[in-house]
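1. sharing a model prediction with you, sequence too.
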Amino acid sequence: MCGTTTTAAIHADSTSQGSFRSTTFCFLKDFLNLMNENAINCGITNQPLEILDMIVDYMDNSTLLALTVTCHRFYDHLKPNHLEFRFMRCDIHRIHLWKTLQDLPLYASRIRRIELMPEAEDPLLGIDSVVEMIEIDADDEEVVVWPYAMQGTPERTAKASSALASLIRGMHRLESFLDRTDISLEVVYSALKESRPNLKEVHLCWLGLNQPPQPTASLRYLQNLTSFSINSQFSDSSLDALRDLLIDNCPLLQDIYIHPNCDCGGFRFNILWLFQQGNWHHLRRLNIGRNISLWDFDVGYDLETDELITIVSDFLRRHPMLECLWFWRNNMLRPRCIPPDAVPKLRRLMFNGTSDHTQLSNVVPIEVAEHLEFIWTDIKAEDSMSHIARMAGLKSCVVDAYDPTTIASLARAAPQLEHLAIHREYDRFFEAGVSQYNKPIYLMR
């Protein structure tokens, strides 16, 4: 398997280089023999290091790791020159690192993933405290204008961002970028757009420790992603930028994770456009946070219409590849939102906030439920029992319950369950009613 994928990748890049192609196929043939049984006498260990470098650059992480541990020669060369450069996790302010890698373009080109973390979390710096810049406003009150990690001044951040942007332009195989800096890095995102055709994953986690960087400027530089997640403070402008990114610029998305992390004072961001316009043929996982609603707050939180149900059901029909669907916000799924003929590959489902009298069967048709392996819902166990008993593939379940007897009855009705969790914290919950159930039961605290 490893040899096949590597051969295909190299063949595409070496059609005009007959001698290199010949050497490559000989190398891969030896590699397959090595992986089988001839680790010592195989001719692969006698190949020039330059050829080895060119080939392993096309290998994914698991294949490279498997090759690295086959013999000491591979380990001594591949670990410091390849494995240790696949993934970088550090603070944005490592200016000397960015400049050093600019002088080592071969090593920079091997980086697959960058994770930028807050400077206070950088294990190499040992900084635990956060320093606040204070100004005095017109009322003689102290105002925090820039909480930032030690040494992370705005001037130094700008210098580091510029150095990283220059470095990124040479990272020809960069696939994943994670930003947890709480700093506006527009110049970095501009570099990502200019020179990173292989970039597939972007994960943004801005917690608002600094004056929150609005993601508007950054989001407009991203395109053609397969995985996108954002955990950030939102505004109307950032929602517009998010809509442009998801709807217009990333048709190949497989993973979408949207979680506003701000305290909205009861306000819920409307994201109905995602269900109205979203059309990602490869979408497999959708995760929507608590501060997002399908309805405008001003219109009425509990608004339920046939039009809304149609929008959600049409969205699910357009995405037959969905495997995981998580709705953290209450009342996101209503009866008839999931059509019986939709999402045939759905295996994991989470939703909250349905009516106290809603039966699980009214929300999740058995045609869909029978394929589930995991379900999380706050529908009461007594209203779920008969339906869960018919889910032959269900392995894990989180439900609501008020007494041990109900849980014991559910456990007996659904012997296929391997893990059962409940939304209760009663001190006397584990009594005689559930003692006969010999599988784990967890309290969700």
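-> Structure's in. What do you need?
2. need the contact list for residue 393.
-> For residue 393, the contact set (CB atoms under 8 Å, 6 or more residues apart in numbering) comprises 370, 371, 372, 373, 416. C-beta coordinates here come from the backbone N, C-alpha and C atoms, glycine included.
3. average pLDDT for stretch 399-414?
-> Taken as a whole, stretch 399-414 has a mean pLDDT of 80.
4. and the contacts of residue 393, which are buried?
-> Neighbour counting over the contacts of residue 393 (16 or more other CB atoms under 10 Å) leaves 371, 372, 373 as the buried ones.
5. just confirm the second one contacts residue 394, I think it does.
-> The one in question is residue 372. Yes: applying CB atoms under 8 Å, one finds residue 372 in contact with residue 394, separated by 5.6 Å.
6. tell me the buried residues in stretch 338-351?
-> Within stretch 338-351, the residues scored as buried using 16+ other CB under 10 Å are 338, 339, 342, 343, 346, 347, 348, 349, 350, 351.
7. mind putting the residues you listed into TSV with distance to residue 401, secondary structure and pLDDT?
-> Converted to TSV, the buried residues of stretch 338-351 look like this (distance: CB to CB, whole Å; DSSP: H, G, I helix; E, B strand; the rest coil; pLDDT from 0 to 100):
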residue	distance to residue 401	secondary structure	pLDDT
338	23	coil	94
339	29	coil	95
342	29	coil	94
343	27	coil	96
346	24	coil	97
347	24	coil	97
348	21	strand	96
349	19	strand	96
350	17	strand	93
351	17	strand	89
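8. before we move on, the earlier item: what is the nearest of the buried ones among the contacts of residue 393 to residue 243?
-> Minimum distance to residue 243 across the buried ones among the contacts of residue 393 is 30.2 Å, recorded for residue 372 (CB to CB).
9. just to revisit the earlier point, just curious, which of the buried ones among the contacts of residue 393 is nearest to residue 114?
-> Checking those against residue 114 with CB to CB, the nearest one is residue 373 at 33.2 Å.
10. surely the closest one and residue 346 touch.
-> No: Residue 373 is beyond contact range of residue 346, at 9.5 Å (criterion: CB under 8 Å).
11. what about the stretch 151-300 of the chain, any weak spots by pLDDT?
-> Low-confidence segments of the stretch 151-300 of the chain, defined by pLDDT under 70: 151-152, 195-196, 207-216, 262-268, 295-300.
12. how about 80 then?
-> Filtered on pLDDT under 80, the stretch 151-300 of the chain yields the residue ranges 151-154, 182-184, 194-197, 206-218, 232-238, 260-270, 290-300.
13. can you show me the helices along it?
-> Secondary structure of the stretch 151-300 of the chain (DSSP state H, counting those that start in this stretch): helices at 154-168, 186-195, 216-219, 236-243, 272-277.
14. and those, which is most packed in?
-> When you average the neighbours per residue for each of the helices of the stretch 151-300 of the chain (mean count of other CB atoms under 10 Å), helix 216-219 leads with a mean of 21.
15. got a list of contacts for that one?
-> Looking at what lies outside helix 216-219 - CB under 8 Å, 6+ apart - the contacts are 179, 184-186, 189, 204, 235, 237-238, 240-242, 244-245.
16. for the residues you listed, give me a markdown table that also has distance to residue 409.
-> Compiled in a markdown table, the contacts of helix 216-219 are given as follows (distance: CB to CB, whole Å):
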| residue | distance to residue 409 |
| --- | --- |
| 179 | 48 |
| 184 | 55 |
| 185 | 54 |
| 186 | 57 |
| 189 | 54 |
| 204 | 45 |
| 235 | 48 |
| 237 | 52 |
| 238 | 47 |
| 240 | 50 |
| 241 | 50 |
| 242 | 45 |
| 244 | 50 |
| 245 | 47 |
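17. how close does residue 322 sit to residue 252?
-> Using CB to CB, to the nearest Å, we find residue 322 at a distance of 15 Å from residue 252.
18. those two: who's more crowded?
-> Counted by other CB atoms under 10 Å, residue 322 and residue 252 do not tie: residue 322 has more neighbours, with 22 against 14.
19. surely residue 276 and residue 311 touch.
-> Yes: with contact defined as CB under 8 Å, residue 276 and residue 311 form a contacting pair (5.7 Å).
20. which residues does residue 249 contact?
-> The neighbourhood of residue 249, defined by CB under 8 Å, 6+ apart, consists of 222, 223, 224.
21. how near is it to residue 98?
-> Applying CB to CB to residue 249 and residue 98 gives a distance of 27 Å.
22. now for residue 411, how many residues are close by?
-> When counting by other CB under 10 Å, one arrives at 20 neighbours for residue 411.
23. please confirm that it is located within a helix.
-> Yes: counting by DSSP: H, G, I helix; E, B strand; the rest coil, residue 411 is part of a helix.
24. how close does it sit to residue 360?
-> According to CB to CB, residue 411 and residue 360 sit 16 Å apart.
25. now do residue 349
-> Plainly put, residue 349 is 10 Å away from residue 360 if you go by CB to CB.
26. next one: residue 217
-> 44 Å.
27. what does residue 306 give?
-> Per CB to CB, residue 306 is found 22 Å from residue 360.
28. tell me which of the two has more neighbours.
-> residue 360 (22 against 8).
29. follow-up on the earlier one: in TSV, list the helices of the stretch 151-300 of the chain along with distance to residue 327.
-> As requested, these are exported to TSV (distance: least, CB to CB, whole Å):
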stretch	distance to residue 327
helix 154-168	35
helix 186-195	29
helix 216-219	23
helix 236-243	18
helix 272-277	11
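30. still on that earlier bit, ok, so of the buried residues of stretch 338-351, who is nearest residue 283?
-> Nearest to residue 283 among these is residue 343, at 10.4 Å by CB to CB.
31. my guess is the closest one meets residue 318, correct?
-> No: the pair residue 343 / residue 318 is not scored as a contact, 10.2 Å apart, by CB under 8 Å.
32. which residues touch the nearest residue to residue 327 once chain neighbours are set aside?
-> Spatial nearest neighbour of residue 327, excluding adjacent residues (CB to CB, 6 or more residues apart in numbering): residue 351 at 4.5 Å. Residues near residue 351 by CB under 8 Å, 6+ apart: 325, 326, 327, 332, 333, 363, 376, 377.
33. checking my notes, the last one in a strand, right?
-> Yes: note on residue 377: a strand contains this position according to three-state DSSP.
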